[in-house]
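Asks: my questions concern the predicted model and sequence given below.
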Amino acid sequence: MIPYGKQDINQADIDAVTAVLKSDFLTQGPQVPAFEKAVAAHTNAAYAVAVNSATSALHIGCLALGLKSGDSLWTTPNSFVASANCGLYCGAKVDFVDIDPATYNLCPEQLKAKLATAKQPPKVLVVVHFGGEPCDMEAIAALAKQYKFQVIEDASHAIGGRYQDQPIGNCQYSALTVFSFHPVKIVTTAEGGVITTRSKEVAERLGELRSHGITRNPERMTKAPDGPWYYQQIELGLNYRMTELQAALGCSQLQRLDEFVARRQQLADQYDELLAGLPVRSQQRNGNNYSALHLYVVEVPATSRRAVFESLREQGIGVNVHYIPIHTQPYYQGVGFREGDFPAAEHYYSGAISLPLYATLTDAEQQEVVAALRHALTEHAS
């Protein structure tokens, strides 16, 4: 089976993790700060805070921006549920903004129209760089300034990408950016996430929130420390810390990030050529940006999507679908959303199939994927 995504672990990665296992620290040692420093350097961010997952990152990111009961969070329906659930974790209401049918990202024009008629703008907007393709952050930031809301970039798909020739994660147009390092992502820490920001205050609060709301900074305490052992819990936090093992793997993987993304670019360009003439369409990529290309999605005729998907699986191609629109999930239906609420996202989902794309996918394997897709489309022509 050729999977849709796959990590690439080499001997240097194994050696990095083994070294930690032989060290004095399995958690709360030097590797996590080293990983944070490496991510900050790669993204040109002032600060980076590592946590145990991107879901955790979204949660404490919302908390750090003051999202609470009575507020609202808006996001795209075309994402994994974590992009919306983070608002619910904070007690906020969640709503969605439909996507651009060409880019599959949150549509700035739809956002502008929704803001113009909303009784109250969101406190936080979570934008998702779907498949690694950056959203139109300049347009979104202009609306954020006009309507006074804060922006989180969910860049779980996008480390190594660039927007306006600047690294995604530098937070030029957002309060903070979240990255994921799940094994199917571009680089991995097995599980893990990082938040980048330009704000020292936000970074410090994120560091406290990931570790029970505890500080060892005397300037943050309510009284002078009793001694060098002293700490204070100054708010209700969580245990979202990243381990030394994860951070060591991340430091090693980051050394090959540019190589991984360059290969994904090459494979995507080859897909573009190989699929020309087939009855499919793919995500529109802005040539002024540099997609990290976590995913290569094709839209096939909705009437044959399931048959094509099953045919590909039967032929040994491990395709997947990204994503089932969040508002169609039973939980969100239970709070009032209905099918038909966000038609562009629903139309996209009806035909979407994610083809295999990862750095170690060979040209021969890619040819096999395309041949299998051609066969499936011919066999199940609408």
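Replies: Yep, that arrived.

Asks: which residue sits closest to the residue positioned nearest the centre of the chain, ignoring its sequence neighbours?
Replies: In the chain, the centroid-proximal residue (Cα atoms, centre = their mean) is residue 156; its distance is 1.7 Å. Closest residue to residue 156 apart from its sequence neighbours, by Cβ to Cβ, 6 or more residues apart in numbering: residue 180 at 3.5 Å. In this view, the C-beta of every residue, glycine as well, is placed from N, C-alpha and C.

Asks: distance of that neighbour relative to residue 64?
Replies: 18 Å (Cβ to Cβ, to the nearest Å).

Asks: more neighbours: which of these two?
Replies: residue 180 (28 against 25; other Cβ atoms under 10 Å).

Asks: kindly state the domain boundaries assigned to this protein.
Replies: Taking automatic domain parsing as the reference, the chain has its domains at 2-254, 257-379.

Asks: which of those is buried the deepest?
Replies: Among the domains of the chain, domain 2-254 has the highest mean neighbour count (mean count of other Cβ atoms under 10 Å), at a mean of 20.

Asks: isn't residue 156 right next to residue 130, touching?
Replies: No. Between residue 156 and residue 130 there is no contact, the gap being 9.7 Å when judged by Cβ atoms under 8 Å.

Asks: low-confidence ranges, the chain, go.
Replies: Within the chain, the segments meeting pLDDT under 70 span 382.

Asks: quick one: residue 144 and residue 125 touch, right?
Replies: Yes. Assessed by Cβ under 8 Å, residue 144 is found in contact with residue 125 at 6.7 Å.

Asks: element containing residue 18, please.
Replies: If you go by DSSP states H and E, residue 18 is part of helix 11-21.

Asks: so who does residue 27 touch?
Replies: 241, 243, 244 (Cβ atoms under 8 Å, 6 or more residues apart in numbering).

Asks: what's near enough to touch the closest residue to residue 360 other than its chain neighbours?
Replies: Nearest non-adjacent residue to residue 360, counting by Cβ to Cβ, 6+ apart: residue 8, 5.1 Å away. Residue 8 is in contact with 256, 260, 358, 359, 360, counting by Cβ under 8 Å, 6+ apart.

Asks: where's residue 8 relative to residue 91, distance?
Replies: 40 Å.

Asks: before we move on, what about residue 51?
Replies: 20 Å.

Asks: now the helices for the stretch 101-250 of the chain?
Replies: Taking DSSP state H, counting those that start in this stretch to define them, one finds helices in the stretch 101-250 of the chain at 108-117, 137-147, 200-209, 244-254.

Asks: who touches the first one?
Replies: I take that to be helix 108-117. Where contact means Cβ under 8 Å, 6+ apart, the residues beyond helix 108-117 that reach it are 74, 97-100, 121, 125, 135-136, 139-140, 143, 146-147, 344.

Asks: identify the farthest-apart pair in the residues you listed.
Replies: By the measure Cβ to Cβ, 146 and 344 form the most distant pair in those, at 23.3 Å.

Asks: for the residue nearest to residue 156, give me its contacts.
Replies: Going by Cβ under 8 Å, 6+ apart, the list of residues near residue 180 reads 53, 54, 57, 156, 157, 192, 193.

Asks: distance to residue 281 for the helices of the stretch 101-250 of the chain - can I get that in CSV?
Replies: Converted to CSV, these look like this (distance: least, Cβ to Cβ, whole Å):
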stretch, distance to residue 281
helix 108-117, 20
helix 137-147, 23
helix 200-209, 39
helix 244-254, 32
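
Asks: which one of the ones you listed lies closest to residue 236?
Replies: Proximity to residue 236 (Cβ to Cβ) singles out helix 200-209 among the helices of the stretch 101-250 of the chain, at 8.8 Å.

Asks: ok now the closest one, how far from the chain's centre?
Replies: 20 Å (Cα atoms, centre = their mean, to the nearest Å).

Asks: packing partners of that helix?
Replies: strand 47-51, helix 54-64, strand 193-197 (3 or more Cβ pairs under 8 Å, 6 or more residues apart in numbering; DSSP states H and E).
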